[in-house]
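Asker: predicted model and sequence below, questions to follow.
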Amino acid sequence: MFLQNYWYVAAEAFEVSRQPVPRIILGEPVVLYRTEAGAPVALEDRCCHQRAPLHRGKLEGDNIRCGYHGLVFDQTGVCTEIPEQDHVPPQARVRAYPSAEKHGWVWVWMGDCALADESLIPDFHLNTDAEWTSFQGIIEMGGASQLMVDNLLDLSHLPFLHAANIGSATDTDPELNVEKGEDFVRVTRIARGIKSSKWQNDLGIQGNVTQEKMITFRPPCHIWIAIATAEEAGPKGNGQVMNQMILNSMTPVSATSCRYHWGFARDFNHGDAGVTKYMKDATDIAFNEDKEMIEAQQKNIDLDPAAPIFNLDGDEGGVAARRLMQRLNAEQA
């Protein structure tokens, strides 16, 4: 069901501390914490004795003690102590997952440990790049990660679902191009001479704009959206140019839910806290509109998974991403 040999975002870096943090990733319970030196640790959040969640225990140095019967596990998952008995059976252990901290996120490798290579962590460096101003967010989504992939690869919903904030009412006739690679799908969407959106107006763009969006999907659940906005010079506009990057990673919790980690980076108004707050608030509103729609969509799918659908031109990228995932899942099997 899930692709195993990939890095998944488990948490934002600030979420992982000396207090154990529970996560469900690909349907598996995982507990996260930091060693005394600050390195992230990811263990199976299920004691091998009676399957109690380890996150309800406590840290002792770099080890974690189960809060139910007191078994102690080191950061490799090996049980090092069982109270009231001297012998620790060699099978007394929990799974340890390779983990790493990069680009402001803590990553976990859910597959074969021997294949875990930190160089394979997707490039989300703009989350922490000093040349850009960025902010991040997290949404618990009651919908499948693939629904978010569909949503982000087809931005034709902006003038409708997000009409009151980030969408333009006239953005309904873009030029579309879809590139399909062995390990990626890329949608280029160019909308020329469209009316500027409310949030662009609030940031000083009053004239019509040409906006190019390059949306890149890489398995299993990562999407980059590069947005270049150029205002038309004229009575209303002064030719302002904006570049933004929306960073998206959807970690499946189950087949019908995911944890959506996102980042938003810009190359204009660096360090302006007022602009950052405004854009963060607007993004929160828009992404929660997505959340409400996708969760409603998932409920309808759950009622009848076989209900017929048909695809529009704008769905080409999402269909290509689904086919890519189907191929990779078949190869994994």
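Answerer: Thanks, I have the structure now. This one's a predicted model, so the numbers in the text were calculated from it and none came from an experiment. Residues are numbered from 1 along each chain as shown.

Asker: what does the helix or strand encompassing residue 318 contact?
Answerer: Using DSSP states H and E, residue 318 sits in helix 316-332. For helix 316-332, the external contacting residues (CB atoms under 8 Å, 6 or more residues apart in numbering) are 1, 3-5, 146, 149-150, 153-154, 176, 178, 180, 183-187, 215, 217, 219-220, 311. All C-beta atoms are positioned from the backbone trio N, CA, C, and that covers glycine.

Asker: and that helix, what's buried?
Answerer: 316, 317, 318, 319, 320, 321, 322, 324, 325, 328 (16 or more other CB atoms under 10 Å).

Asker: re earlier: among the contacts of helix 316-332, which ones are in helices?
Answerer: Mapping the contacts of helix 316-332 onto helices (DSSP state H) picks out 146, 149, 150, 153.

Asker: which of the buried residues of helix 316-332 sits closest to residue 49?
Answerer: Distance to residue 49 across those (CB to CB) is lowest for residue 328, with 36.0 Å.

Asker: doesn't residue 64 belong to a strand?
Answerer: Yes: assessed with DSSP: H, G, I helix; E, B strand; the rest coil, residue 64 lies in a strand.

Asker: ok, now which ones touch it?
Answerer: Listed by CB under 8 Å, 6+ apart, the contact partners of residue 64 are 20, 31, 33, 43, 54, 57, 58, 72, 73.

Asker: which residues touch the fourth one?
Answerer: So the one you mean is residue 43. Per CB under 8 Å, 6+ apart, neighbours of residue 43: 30, 31, 54, 64, 73, 75, 77, 94, 95, 96, 97.

Asker: Three-state assignment for the residue nearest to the last one when sequence neighbours are not counted, please.
Answerer: To tie it back to what came earlier, the one meant is residue 97. Leaving aside its sequence neighbours, residue 97 sits nearest to residue 42 (CB to CB, 6 or more residues apart in numbering; 4.1 Å). Three-state call for residue 42 (three-state DSSP): strand.

Asker: tell me how many other residues crowd residue 42.
Answerer: For residue 42, the count of nearby residues is 28 (other CB atoms under 10 Å).

Asker: dump the residue contacts of it.
Answerer: Counting by CB under 8 Å, 6+ apart, residue 42 makes contact with 10, 30, 31, 32, 96, 97, 98, 99, 106, 108.

Asker: give me that answer again for 6 Å
Answerer: Each residue near residue 42 by CB atoms under 6 Å, 6 or more residues apart in numbering is listed here: 30, 32, 97, 99, 108.

Asker: distance of the fourth one from residue 106?
Answerer: Relative to residue 106, residue 99 is positioned 6 Å away (criterion: CB to CB, to the nearest Å).
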